[in-house]
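K.L.:
Take this sequence and fold it.
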Amino acid sequence: MMLSAQSPASGRPLVIAHRGGALLAPENTAEAFRAAVAAGADMVETDLRLTVDGVLVCLHDADLKRLCGDPRAVAEVDLATIRNLLPAVMTLQDAIAASDPLGLLLDVKLTERAVVPRILAELSQAGAAGRTLLGLRDLDLIASARARTSEVALLAFAADPDSAALARAAGADWFRLWQGTATAKRAAAVRAEGLKLAVMVGQPRSVALPNYPPFPVGRIDRDGLDRLLALSPDAVLLDDPRLLVEALTGRPDVTGLSPG
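P.N.:
Residues are numbered from 1 along each chain as shown. The predicted model follows:
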């Protein structure tokens, strides 16, 4: 899968399992990746943070409280300690291996410019650059990554849904919109810049506020999916990829997995 290319030949959006498929198995684990493969996902998404001993690990939160009750920040703890607390935690190298042959979306939670060449080097050494989409939140990081490689596709996780032009100027190939901000006008603006559109379902919080969409991050219902598909996105990120596979194919539970 070359992510600098268009979406699948069928023209349908890429099905991206958010946090590896967080409604299929424990988030950001090899088990979730395997379940995502079985569910028919095209890609798995995982998060990157840095331990105190300099290891890139697949953890979403800045601290360990939600996952195991430890209030310490990931950046304050070494890999051995994290693995004692969370035995299934993956390093970037683990995630590259576990995701093969799917596409791999890396949501980089870091802002230090020095992390970009490290990530690119690990992808290159593993031969995974062509199937990786590198998600960055900072325009300077996007520009730094683009200056170093043309092989890895770059996704702008922009805070401003109307900043597609800035993302493109920095070197992005893709642009992320949240479900609540994904309008036809914004989708058209993304495409006008020559960018591919990825939509993240739910709200950017663990507990949804009483507005649209009425779900927290990663969650969606069929009505919401139908609204998104009307925008013809190039990719959709969601916790349960089976929902999108069903919407696209009309075949419920294509894997035999029971709903999460």
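
K.L.:
Show me the residue at the heart of this protein, geometrically.
P.N.:
residue 45 (3.5 Å; C-alpha atoms, centre = their mean).

K.L.:
So for that residue, what's the nearest residue that isn't a sequence neighbour?
P.N.:
Once flanking residues are discounted, residue 45 sits nearest to residue 105: 4.0 Å by C-beta to C-beta, 6 or more residues apart in numbering. Every C-beta, even on glycine, is put in place using the N, C-alpha and C of the backbone.

K.L.:
Downstream of the helix or strand encompassing the one you found, the next helix or strand is which one?
P.N.:
Residue 105 is part of strand 103-108, with elements assigned from DSSP states H and E. Per DSSP H and E, the first helix or strand lying C-terminal to strand 103-108 is helix 115-125.

K.L.:
pLDDT score for the closest residue to residue 110 other than its chain neighbours?
P.N.:
Counting by C-beta to C-beta, 6+ apart, residue 50 is the residue found nearest to residue 110 once chain neighbours are left out, at 5.9 Å. Note on residue 50: pLDDT of 98.

K.L.:
Equivalent analysis for residue 259, please.
P.N.:
On pLDDT, residue 259 comes in at 29.

K.L.:
buried stuff in the one helix or strand residue 168 maps to?
P.N.:
Per DSSP H and E: residue 168 is located in helix 164-170. Using 16 or more other C-beta atoms under 10 Å as the test for burial, helix 164-170 gives 164, 166, 167, 168, 170.

K.L.:
I'd like the residues you listed written out as TSV, with pLDDT and distance to residue 218 added.
P.N.:
Formatted as TSV, the buried residues of helix 164-170 follow (pLDDT from 0 to 100; distance: C-beta to C-beta, whole Å):
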residue	pLDDT	distance to residue 218
164	98	23
166	98	26
167	98	23
168	98	27
170	98	27
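
K.L.:
Turn these into CSV, columns for distance to residue 148.
P.N.:
Formatted as CSV, these follow (distance: C-beta to C-beta, whole Å):
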residue, distance to residue 148
164, 22
166, 20
167, 17
168, 18
170, 13
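
K.L.:
from those residues, which is closest to residue 112?
P.N.:
Lowest distance from residue 112 to the buried residues of helix 164-170 (C-beta to C-beta) belongs to residue 170, with 17.1 Å.

K.L.:
re earlier: after the helix holding residue 168, which helix or strand is next?
P.N.:
strand 174-178.

K.L.:
Now do the helices in this protein.
P.N.:
Under the criterion DSSP state H, helices of the chain are mapped to 30-39, 65-68, 79-85, 92-99, 115-125, 139-148, 164-170, 184-192, 222-229, 241-249.
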